[in-house]
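Q: Based on what follows, work out the 3D shape:
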Amino acid sequence: MNTDDLTALDRVQSAANSGDLDLVLRLIDEVCAPDMIVSTPLKLQVSGAEAQKIVFRKLLAAFPDLHIHTEDRLVDGDKVVYRNVVTGTHQGTYLGVEPTGKKITYNEIFIVRLDGEGRIAQTWGVVDTAAQMRQLGLIPDIKH
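A: Residues are numbered from 1 along each chain as shown. Predicted structure coming up:
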C-alpha cells in the first residue's frame with residue numbers, strides 16, 4: 001500500500017464529513033471496486049459499490065452533519081483498520097425512528113481490504129449500534 005491509497009480512503013471520509021452526498025457517491029465510484037464486498041450492520045438488498053452508496057445515503061439523510069473522526073489507523077499489507085468516533089444530529093429517519101434532533105456519538109471499527117489496483121475490495125464493519133439505539137431512545141440506557 002502506498003500513501004495515495006490512504007489519501008483515497010480519507011477522501012471518502014472527508015466528503016462524508018462535508019455532507020456533500022454527490023461528492024461521496026462520485027468518490028465511491030472512483031475508489032471502490034464495483035464488486036466490492038460490504039459487511040455492515042445495515043441489512044442491504046444490493047452488493048458492491050452500490051451497497052456502500054446506500055450506507056452513506058442512509059447516514060447522511062439521517063445525520064446531515066455526520067462527522068467521522070479517525071482515532072487510530074493501522075496498515076498491514078493490503079488492509080487498513082480504522083477506529084472511528086462518529087457524531088451527528090438526528091435530523092432524518094434512521095432505524096425507523098423519526099427525527100429527534102438528538103446529538104449522537106458512537107464508535108466503529110472498520111477493516112478495509114484493497115485490491116491490486118488500490119481500490120477498496122472489501123470492508124468489514126463493527127458499529128456500536130446499541131449506542132445508536134440507546135441515544136435514539138429505542139432501548140433503555142442501563143446505568144451500572
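Q: Please enumerate the helices of the chain.
A: 3-18, 21-31, 49-62, 129-135 (DSSP state H).
Q: deepest of those, which one?
A: Relative to the other members of the helices of the chain, helix 49-62 carries the highest mean neighbour count by mean count of other CB atoms under 10 Å, namely a mean of 18. In this view, the C-beta of every residue, glycine as well, is placed from N, C-alpha and C.
Q: just the angle between that helix and helix 21-31, please?
A: An angle of 160 degrees separates the directions of helix 49-62 and helix 21-31 when computed by axes from the mean of the first three to the mean of the last three CA atoms, to 10 degrees.
Q: quick check: mean pLDDT across helix 49-62?
A: Model confidence over helix 49-62, given as mean pLDDT, is 92.
Q: which helices and strands sit right next to it?
A: Under the contact criterion of 3 or more CB pairs under 8 Å, 6 or more residues apart in numbering; DSSP states H and E, the helices and strands touching helix 49-62 comprise helix 3-18, helix 21-31, strand 32-39.
Q: Any idea how far the second one is from the middle of the chain?
A: If you compare the mean C-alpha spot of helix 21-31 with that of the full chain, they lie 13 Å apart, counting by CA atoms, centre = their mean, to the nearest Å.
Q: mean confidence score for it?
A: On average, helix 21-31 scores 95.
Q: Any chance of the helices of the chain in JSON lines with distance to residue 120 as columns?
A: Output for the helices of the chain, formatted as JSON lines (distance: least, CB to CB, whole Å):
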{"stretch": "helix 3-18", "distance to residue 120": "7"}
{"stretch": "helix 21-31", "distance to residue 120": "6"}
{"stretch": "helix 49-62", "distance to residue 120": "8"}
{"stretch": "helix 129-135", "distance to residue 120": "22"}
